[in-house]
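Chemist: here's my sequence, what's the structure:
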Amino acid sequence: MALTDNPREALLWALCDLEDYNFKVLKFHLRDKTLLKCPGLARGELEGLSRVDLASRLILMYGAHEAVKVVIKVLKVMNLLELVDQLSHICLNDYRETYREHVRCLEELQGEGVKHGYNQLLLVAKPSPGSATLEQELMVEALFDPREWSDQGPPTVVIQGSAGTGKTTLVRKMVLDWATGALYPGQFDYVFYVSCREVGLLPGSTLDQLLIWCCGDNKAPVAEIRRQQPERLLFILDGYDELQRSYAERLTRPGPTPIEDMLHRLIRREVLPTSSLLITTRPLALRNLESLLKHPRHIHILGFSDDERKKYFRSYFTDEEQTRNAIDFVLGNDVLYKACQVPGICWVVCSWLKGQMERGGVVAETPSNSTDIFMAYVATFLPPNDEEGCAELTRRKVLKGLCSLAAEGIQHQRFLFEEAELRKHNLDGPSLAPFLSSIDYQEGLNIKKFYSFRHISFQEFFHAMSYLVKQDQAQLGEESLKEVNRLLDEKKQEGSEEMTLSMQFLLDISKKESSSNFELKFCFKISPLIRQDLKNFKELMNSIKHKRTWDLEFSLYESKIKNLVNSVQMSDVELKIGHSNEKKSCSRNSFSVKTSLSNRQKEEQKCPIGDKGNRAGTQMEALMEKAEGQRTRDKDGRSSRMGSTEKGTLALKEGGGVEGQDSEGKAQ
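Modeler: I've put the predicted structure just below:
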């Protein structure tokens, strides 16, 4: 059969390819309503129809696309699989555009979708163990570059980053860009986004059910999608860490759930081994994931650059004066400025500032850590107190409800809650939009509403606060000690060094100034017994020496940017040795040396964040300006530029000395 994307032509050619006997059998089966699961043709309607007439009749009765599907059903019964494959290809080409449209429409339904605004995130490719290559910045377009994977089999990309660094936003933007043809054009027929948080809602645990769920269509041709060119499929598994169950649950019920097992088989390449995979995860689940992977490529997501932070503020605030005030306020606070590198915290900061501005309040707080930022946000959006104190009961009631809901979810590794569960904790979902978001899930003919915390970091924050708002406050010591022991056990079992966010929040609150801030904001007195428990907890946690997740991200950002762009020490300089293509009159060999700026005198080069007057520029700009003026001299007294932004190298002459070259290889 000739290749065509037109279902009418494909149907006619398929019927013309049939031998006379098979054509008669086909017409016989077209009368079978049970087989077709739709009205069949009467015997009298089929008598004497030629192939052209039958094609016309089927198209008139079912429509071109459905007519092709009807004939495919009959051909499968007749075991004419070659024709089935050819016609299936037509259906798939047609359904591919149907699926792209589904993705685009789904994004339109997202009220705060990435379509309406997106900021670039810094991605760094981590070298494989034992590799001589350095970490390097990477663009999304290069994640599945065929040249990078030619010898390693089908691609598996793991994007890791702490809570709030923008993993979900990034992959959702990737899916949308693919659907609009802006990303990976011609490379993937289907890109399936799988939320590991929501996949537990699936009624079944087979791969076909997963594909139907992704397509949002019970009639999706999933069998053909799997069989036809599986190497042109990309699965994005978002939030692998949210698939994990609690440590205690893993001890009591070892082995994966059916859904976990199906996804693990996909990750281990036991099903669809030639498809491509992209998995996002927080570091705390990375060790478990690593045992399932073969030749993964690890990408670290570091959040916003300096420019993207300012761009985010300008897109968040619609009022020019609010934008200017917010940027000035953040630039004047080193903690806030660093924290806004993490997109999730940047959103919290913007929302908090906007809430304060709209209430006409003067923002006088100076948060000292990320926990203070979350406390400021929560205090801003909880129901206010009134003069008679009635609302205070509501405020405390809401706070305790959010805490108990979060704690129950964290302890059972659950992130989605039904409305009945919210009512059990005295919470009204629609009125708590600053803390909870909702999704509608269709279950048969019914639509069920599920709620989740706006971000996992909010759930862990309220989980930490739950230790402080219990009726029986003596429970804190016992429960926090149990949690610390669990962390110690996990570290022994899994080698984990990542502190959970809940523990980081609680550790911050254990500081005297933060606990006083907590009492002031929430009108909630921490008892002396609780304070002693917090002190003991702090000592235990400090003895573990876990990595503090967001603090780690901040330090990574500061060092990675400098290493990637312009601050490698001369002692660590990378040598790129090769013969010059130019012929020298003295026949001397030359070598090129790639250099970048020195880390020396970092403190002198920093741009003061708090200065609200005219600035010389960002820290990066200051470094570059200083680099332009920095010169070294060789032993003959000749000068050469070091760290110039121009494309050039330094040539080490065979007889000694340094010779500069521009981007075209000419001596400077």
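
Chemist: in the protein, which helix is the longest?
Modeler: Scanning the chain for the helix with the most residues, using DSSP state H, yields helix 81-109.

Chemist: so which elements touch that one?
Modeler: Judged by 3 or more C-beta pairs under 8 Å, 6 or more residues apart in numbering; DSSP states H and E, the packing partners of helix 81-109 are helix 7-17, helix 64-77, helix 167-179, strand 190-195, helix 222-227. In short, each C-beta sits where N, CA and C put it, glycine included.

Chemist: these: which one's closest to residue 282?
Modeler: Nearest to residue 282 among the helices and strands packed on helix 81-109 is helix 167-179 (8.2 Å), distances taken as C-beta to C-beta.

Chemist: let's test this: mean pLDDT of that closest one, rounded?
Modeler: Mean pLDDT, helix 167-179: 93.

Chemist: what residues are up against residue 418?
Modeler: Applying C-beta atoms under 8 Å, 6 or more residues apart in numbering to residue 418 gives the contacts 448, 449, 450, 451.

Chemist: what about 7 Å?
Modeler: 448, 450 (C-beta atoms under 7 Å, 6 or more residues apart in numbering).

Chemist: try residue 333
Modeler: Contacts of residue 333 (C-beta under 7 Å, 6+ apart): residue 366.

Chemist: looking at the helices and strands packed on helix 81-109, which is nearest to residue 413?
Modeler: Comparing the helices and strands packed on helix 81-109 under C-beta to C-beta, the one sitting nearest is strand 190-195, at 14.8 Å.

Chemist: which secondary structure elements does that closest one contact?
Modeler: Packed against strand 190-195, as judged by 3 or more C-beta pairs under 7 Å, 6 or more residues apart in numbering; DSSP states H and E, are the following elements: helix 167-179, helix 207-215, strand 233-238.

Chemist: let's see it at 6 Å
Modeler: Where contact means 3 or more C-beta pairs under 6 Å, 6 or more residues apart in numbering; DSSP states H and E, strand 190-195 is packed against helix 167-179, strand 233-238.

Chemist: so it versus helix 207-215, what angle?
Modeler: If you take axes from the mean of the first three to the mean of the last three C-alpha atoms, to 10 degrees, strand 190-195 sits at 90 degrees to helix 207-215.

Chemist: so where do the helices sit in the stretch 401-550 of the chain?
Modeler: 419-424, 456-466, 475-494, 501-509, 512-522, 528-544, 549-565 (DSSP state H, counting those that start in this stretch).

Chemist: low-confidence ranges in the stretch 201-350 of the chain?
Modeler: Scanning the stretch 201-350 of the chain for pLDDT under 70 picks out 244-256.

Chemist: which stretches in it count as helices?
Modeler: Counting by DSSP H, counting those that start in this stretch, one finds helices in the stretch 201-350 of the chain at the ranges 207-215, 222-227, 247-252, 258-267, 286-290, 306-316, 320-331, 334-339, 343-358.

Chemist: what mean pLDDT does stretch 462-476 have?
Modeler: pLDDT averaged over stretch 462-476 gives 71.

Chemist: sorry, back to before: redo the helices and strands packed on helix 81-109 as a markdown table? Include distance to residue 301.
Modeler: Output for the helices and strands packed on helix 81-109, formatted as a markdown table (distance: least, C-beta to C-beta, whole Å):
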| stretch | distance to residue 301 |
| --- | --- |
| helix 7-17 | 42 |
| helix 64-77 | 41 |
| helix 167-179 | 6 |
| strand 190-195 | 17 |
| helix 222-227 | 29 |
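
Chemist: report the buried residues of stretch 94-110.
Modeler: For stretch 94-110, the neighbour count (16 or more other C-beta atoms under 10 Å) marks 94, 95, 99, 100, 102, 103, 106, 107 as buried.

Chemist: distance of the residue nearest to the third one when sequence neighbours are not counted from residue 95?
Modeler: Read that as residue 99. For residue 99, ignoring the flanking residues on the chain, the nearest one in space by C-beta to C-beta, 6 or more residues apart in numbering is residue 215 at 5.8 Å. The gap separating residue 215 from residue 95 is 8 Å, by C-beta to C-beta, to the nearest Å.

Chemist: one step back: the helices of the stretch 201-350 of the chain: which one's closest to residue 372?
Modeler: helix 334-339 (7.8 Å).

Chemist: how about the CA coordinates for the closest one, as CSV?
Modeler: Extracted C-alpha coordinates of helix 334-339, given in CSV (Å, rounded to 0.1, in the frame of the first residue of the first chain):
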residue,chain,number,x,y,z
ASP,A,334,20.8,39.0,51.6
VAL,A,335,18.8,36.1,52.9
LEU,A,336,15.8,36.9,50.7
TYR,A,337,17.9,37.5,47.7
LYS,A,338,19.6,34.2,48.0
ALA,A,339,16.4,32.4,48.8
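
Chemist: between the helices and strands packed on helix 81-109, which gets nearest to residue 433?
Modeler: Comparing those against residue 433 with C-beta to C-beta, the closest turns out to be helix 167-179 (18.6 Å).

Chemist: mean confidence for stretch 503-523?
Modeler: Mean pLDDT, computed over stretch 503-523, is 81.

Chemist: quick one: buried residues of it?
Modeler: 503-511, 514-515, 517-518, 521-522.

Chemist: same check on stretch 193-209?
Modeler: 193, 194, 195, 196, 197, 198, 199, 200, 201, 202, 205, 207.

Chemist: equivalent analysis for stretch 213-225, please.
Modeler: For stretch 213-225, by 16+ other C-beta under 10 Å, it's 213, 214, 215, 220, 221, 222, 224, 225.

Chemist: please apply the same query to stretch 267-278.
Modeler: The neighbour-count check on stretch 267-278 (16+ other C-beta under 10 Å) flags 267, 269, 272, 275, 276, 277, 278 as buried.

Chemist: just the closest of those to residue 87, please.
Modeler: residue 272 (22.3 Å).

Chemist: so what's the closest one up against?
Modeler: The contact partners of residue 272, taken as C-beta atoms under 6 Å, 6 or more residues apart in numbering, are residue 230.

Chemist: measure it to residue 234 for me?
Modeler: Going from residue 272 to residue 234 by C-beta to C-beta gives 11 Å.

Chemist: ok, residue 525 next?
Modeler: Remark: distance between residue 525 and residue 234 (C-beta to C-beta) = 54 Å.

Chemist: and if you look at residue 431?
Modeler: Taken as C-beta to C-beta, the span from residue 431 to residue 234 is 39 Å.

Chemist: out of these two, which sits in the busier spot?
Modeler: residue 234 (24 against 11; other C-beta atoms under 10 Å).

Chemist: that one reaches residue 190, doesn't it?
Modeler: No - the pair residue 234 and residue 190 does not pass the contact test of C-beta atoms under 6 Å, sitting 7.2 Å apart.

Chemist: quick check: phi and psi on residue 272?
Modeler: Dihedral angles of residue 272 (phi, psi; degrees, to the nearest 10) stand at phi 40, psi 60.

Chemist: do residue 426 as well
Modeler: phi 60, psi 40.

Chemist: for it, list the residues it contacts.
Modeler: Taking C-beta under 6 Å, 6+ apart as the criterion, residue 426 is in contact with 397, 401.

Chemist: how close does it sit to residue 226?
Modeler: As judged by C-beta to C-beta, residue 426 and residue 226 stand 47 Å apart.

Chemist: what does residue 8 give?
Modeler: Between residue 8 and residue 226 the computed distance is 26 Å (C-beta to C-beta).
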